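K.L.:
Next input, structure requested:
(one chain, ligands or ions: 1)
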Amino acid sequence: MKNQDHITQIQEYGAGHYHPLPIVIASALGCWMTDVEGTSYLDMLSAYSAVNQGHRHPKIIAAAKDQMDRVTLCSTAFNHDQGASLCKKLALLTGLEKTLLMNSGAEAVETAIKLARKWSAFVKKIPPGEAEIITFENNFHGRTTTVVSGSSNIKYKAPFGPLTPGFKIVPYDDIDALRKAITHNTAAILIEPIQGEGGINVPQPGYMTRVAQLCEKHNILLIADEIQTGLGRTGKMFACDHEGIKPDIMLLGKALSGGIYPISAVCSPHLHLFKVGEHGSTYGGNPLACAIAKAAIDVIEDEDLDTCADTMGRYLMQQLHKIKAPCIKDIRGKGLLIGLEIKEAYPKARFYCEKLMLEGILCKETNDNVIRFAPPLNISKTEIDGALPKIKHVLHHATL
Ligand SMILES: *Cc1c(COP(=O)(O)O)cnc(C)c1O
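P.N.:
Reported below is the predicted structural model:
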């Protein structure tokens, strides 16, 4: 079947809740993906930063196969021999003593919300039912009913009410607005150190430090959603590391498995507050997921992927700045999380992504007018150099 045959069929039988580029992937390796017609493309999206390690990294695949030959799921009724070492690894990596494993990013966020609410009642003594969690305009934390209740995006939440109460949404990168929103009932601040889906929004230097100081001063939990920014993506192991911030709760997902199997993690010294039976998941922290996650973290550490992201990110950013096409409004980001914003008078970012696809480069628009460049972190300079003339061509000539 050709690309178009698959697309016609998925349009008939799929829900249609996404608007993918018109390409059908059949295989992938490293920074490259191949469609059903045999055409290869450079992946500059990395599955929204889930494949920081590159597609099908041999060490992660080997760990997965090895574990599949032993045991994949024993349920949470029993312990297994892959969980303890992953939790210990995460404790060393994050500096946060305990870990609770779930499957998707949204579930990790849900877990953090429940933890913050319980903490607020039992430790901070906020009257039951009155705890507030502060979130930020243009945030993205996932798609469950409670998580979208804290979103500022009407499209994510308007049709799905009644929503979960207890969220207060303030402008991002505006410390005064945040300070004014804090009350005695503020339990937690849920924040992305760099907003990913919101358009690759990098706050001013010092902002995260001030957020952390406000949390300290007012006894508020700082929940850092590092699901997209964590595990090397921004040039440090965690985006919080750029300012030396240690959150109370850190959320990881996406690259935690290198794109091989869903697993997410909540890391926090407060996790002991969950009593037996209060939270859980059948697949959460299963042996297969744990074995894969350990290998995925090893690859990031062994191959210094955070340093790679820093070096290649600086290079890509510098070269993108040289393109100087009239449609470019702004180029921003950190490490290999880069957003190129298109001016309003020009076509939407999707238009450019479709043209880039025809040139053999896969990336995706975010927030309508931003093209996100976020390739696997082990992308080579040669691969970037191969992509740049194509990006330049599309930005200069594909317009109007
Ligand atoms: C992707 C993402 C999520 C949600 O992860 P899912 O696995 O899609 O549920 C949450 N927070 C951030 C910052 C993300 O980028």
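K.L.:
Show me the contact partners of the helix or strand that contains residue 211.
P.N.:
Counting by DSSP states H and E, the element that carries residue 211 is helix 207-218. Under the criterion C-beta atoms under 8 Å, 6 or more residues apart in numbering, residues 173, 175, 178-179, 182, 186, 189, 191, 193, 220-222, 240, 242-248 lie in contact with helix 207-218. Yep, even glycine has a C-beta here, placed from its N, CA and C like the rest.
K.L.:
Roughly how far does residue 121 sit from residue 181?
P.N.:
To residue 181, residue 121 is 20 Å away according to C-beta to C-beta, to the nearest Å.
K.L.:
show me what contacts the residue in the chain positioned nearest to the ligand?
P.N.:
Nearest residue of the chain to the ligand, counting by C-beta to the nearest ligand atom: residue 105, 2.1 Å away. Applying C-beta under 8 Å, 6+ apart to residue 105 gives the contacts 141-142, 227, 251, 253-254, 264.
K.L.:
quick one: which of those sit in strands?
P.N.:
251, 264 (DSSP state E).
K.L.:
which residues are contacting stretch 323-331?
P.N.:
317, 320-321, 338-344, 346, 352, 369, 388, 391-392, 395-396, 399.
K.L.:
I'd assumed residue 260 was in contact with residue 61.
P.N.:
Yes - assessed by C-beta atoms under 8 Å, residue 61 is found in contact with residue 260 at 7.1 Å.
K.L.:
what ranges do the helices span in this protein?
P.N.:
Under the criterion DSSP state H, helices of the chain are mapped to 3-13, 46-49, 58-68, 83-94, 105-122, 145-149, 154-157, 175-181, 207-218, 287-302, 305-323, 349-358, 381-397.
K.L.:
Adding distance to residue 169 and mean pLDDT as columns, could you present those in CSV?
P.N.:
Formatted as CSV, these follow (distance: least, C-beta to C-beta, whole Å; pLDDT from 0 to 100):
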stretch, distance to residue 169, mean pLDDT
helix 3-13, 34, 94
helix 46-49, 23, 98
helix 58-68, 37, 98
helix 83-94, 27, 98
helix 105-122, 14, 98
helix 145-149, 10, 98
helix 154-157, 11, 95
helix 175-181, 9, 98
helix 207-218, 15, 98
helix 287-302, 32, 98
helix 305-323, 30, 98
helix 349-358, 24, 97
helix 381-397, 34, 97
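K.L.:
Tell me how many other residues surround residue 194.
P.N.:
When neighbours are counted by other C-beta atoms under 10 Å, residue 194 registers 24.
K.L.:
for residue 200, that is, sorry about that
P.N.:
Residues near residue 200, counting by other C-beta under 10 Å: 26.
K.L.:
Just want the most central residue of the chain.
P.N.:
Of all residues in the chain, the one closest to the mean position by C-alpha atoms, centre = their mean is residue 228, 1.8 Å from it.
K.L.:
which bits of the stretch 201-350 of the chain sit near the ligand?
P.N.:
With the criterion set to C-beta under 6 Å from any ligand atom, the stretch 201-350 of the chain comes near the ligand through 225, 227-228, 253.
K.L.:
Try it again at 8 Å.
P.N.:
For the stretch 201-350 of the chain, the residues in contact with the ligand (C-beta under 8 Å from any ligand atom) are 225-229, 251, 253-254, 262, 264.
K.L.:
Which two among the residues you listed are spaced furthest apart?
P.N.:
229 and 262 (18.3 Å; C-beta to C-beta).
K.L.:
Neighbour count for these two, which is higher?
P.N.:
residue 229 (26 against 18).
K.L.:
Wait, the more buried one touches residue 192, no?
P.N.:
Yes - taking contacts as C-beta under 8 Å, residue 229 lies within contact range of residue 192: 6.5 Å.
K.L.:
where does stretch 361-379 sit relative to the chain's centre, distance-wise?
P.N.:
13 Å (C-alpha atoms, centre = their mean, to the nearest Å).
K.L.:
in it, what counts as buried?
P.N.:
Buried residues in stretch 361-379, counted by 16 or more other C-beta atoms under 10 Å: 361-367, 369-379.
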